[in-house]
Structures are given as structure tokens and as C-alpha cells.
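> Mind looking at a prediction? Sequence and model below.
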Amino acid sequence: MRRLILIRHAKSSWDDPSVRDLDRPLAKRGRRGAALVGQWLAREGIRPEAALVSSARRTQETWDLIVRAAGAAPTRYLPELYHAGPETMLEVLRAAPDVERVLMLGHQPGIAAFARRLLAGPPEDPRFDKFATAAVAVIDFPVDAWPQAAWATGRLHAFTDPRALE
């Protein structure tokens, strides 16, 4: 079995409109949300063995805050995850390191569509469909290696977001 920990970046700041989208930092609310998710992962014992993170500043800051609570994992910062669609995200997952638990941290709108397409039975939950900032879905796959990951084969182990954790 393989486990994917799929996370959308935390709430970003729009305070400075001159900052490029790629360089936007987290907002105060985002820093709090990322910390809550990290604490939840630690409490639940959900620890990645490798992390694949978009190269955007807000995803990197989200990961840094999660690491403070949940612990570090070898990390790759990937430009191809910046605003990636589901097909690209599946390619990245299939090329993941050969470990059982991988974390992917990315962006909307691709991440919600990716999560839904991975699941054999997606939940009828508006929170899951929205995949709010700092939302996390933990998805289990009945495969021996990441290259075998396929659409509609995952099972949702857990889902939460910062509002549910407050």
C-alpha cells in the first residue's frame, strides 16, 4: 500500500499587488492554518517519507510551517507543480521516490480535481470539492510502487482543513 498526503498551500497574502504570483507569501491566517495542519498530521501520526512541493513561495512557506510541527522529510521543490493540472500531478506522483508515504503540496484549481479523480469513491462533501487553503487529503492506494498509481483507485483515509481544526 502507498499513501499520498495531498495538501493545498495555506492562505496567501494579497497585500502587495506588485508581487508576482509565484512570489506571494503567506498571510497571517495562512501561517496559522499551516501550523494547524502540521499539528494535526503529527497527532494523527501521518508522516511523509518524501515531499514534492511546488516552487511557489507560498507552498514553500506552508511546507516549512508543517515541518515545524510534523517533522521533516526529504523535499523536492518542483516548478512543474506550480498551478499544475491533474494529468501533470499524476505524472509527478508516478515519478515520486520509492517510499510508502509521499506528500504533495500544490495549488488550486488542479489539486481539487486531482484529488477527486484519484478516488474510487469521492466523498459528497462540499469541503472536499472546494479544497480550501491548507486542506489536506490522505489517500491510500493498493499498489506496490508509485508508477502504478491510477485514476479512481485511491481510498480516502482522512480529510481536513484549518476551519475544521480550529
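Sure thing, it's come through.

> For residue 54, give its distance to residue 118.
According to C-beta to C-beta, to the nearest Å, residue 54 stands 18 Å off from residue 118. All C-beta spots, glycine's among them, are computed from the backbone N, C-alpha and C.

> I meant to write residue 151 there.
Applying C-beta to C-beta to residue 151 and residue 118 gives a distance of 7 Å.

> intersection of neighbour lists for those two?
Residues touching both residue 151 and residue 118 (C-beta atoms under 8 Å, 6 or more residues apart in numbering): residue 90.

> if you count what's nearby, which of those two comes out ahead?
residue 118 (25 against 14; other C-beta atoms under 10 Å).

> In this protein, spot the helix with the most residues.
Scanning the chain for the longest helix, with DSSP state H as the assignment, gives helix 28-44.

> Paired strands for the helix or strand just after that helix, with orientation please.
The helix or strand immediately downstream of helix 28-44 is strand 50-54, counting by DSSP states H and E. Strand 50-54 sits in its sheet next to strand 75-78 (parallel), strand 101-106 (parallel), going by DSSP bridges.

> Put together TSV for the ones you listed, with distance to residue 1, mean pLDDT and mean neighbour count on each row.
Below are those laid out as TSV (distance: least, C-beta to C-beta, whole Å; pLDDT from 0 to 100; neighbours: other C-beta atoms under 10 Å):
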stretch	distance to residue 1	mean pLDDT	mean neighbour count
strand 75-78	22	98	16
strand 101-106	10	98	25
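
> Show residues contacting the longest helix of the chain.
Contacts for helix 28-44 (C-beta under 8 Å, 6+ apart): 5, 7, 9-13, 26, 47, 58, 61-62, 65-71, 133-134, 136, 158, 160-162, 165-166.

> and those, which are buried?
For those, a neighbour count by 16 or more other C-beta atoms under 10 Å gives the buried set as 5, 7, 9-13, 26, 58, 61-62, 65-67, 69-70, 133-134, 136, 160-162, 165.

> Which residues belonging to the lowest-mean-pLDDT helix or strand in the chain are considered buried?
Using mean pLDDT, DSSP states H and E, the weakest-scoring helix or strand in the chain turns out to be helix 126-130, at a mean of 90. Across helix 126-130, burial judged by 16+ other C-beta under 10 Å covers residue 128.

> by contact count, what packs against it?
Counting by 3 or more C-beta pairs under 8 Å, 6 or more residues apart in numbering; DSSP states H and E, the packing neighbours recorded for helix 126-130 are helix 110-118.
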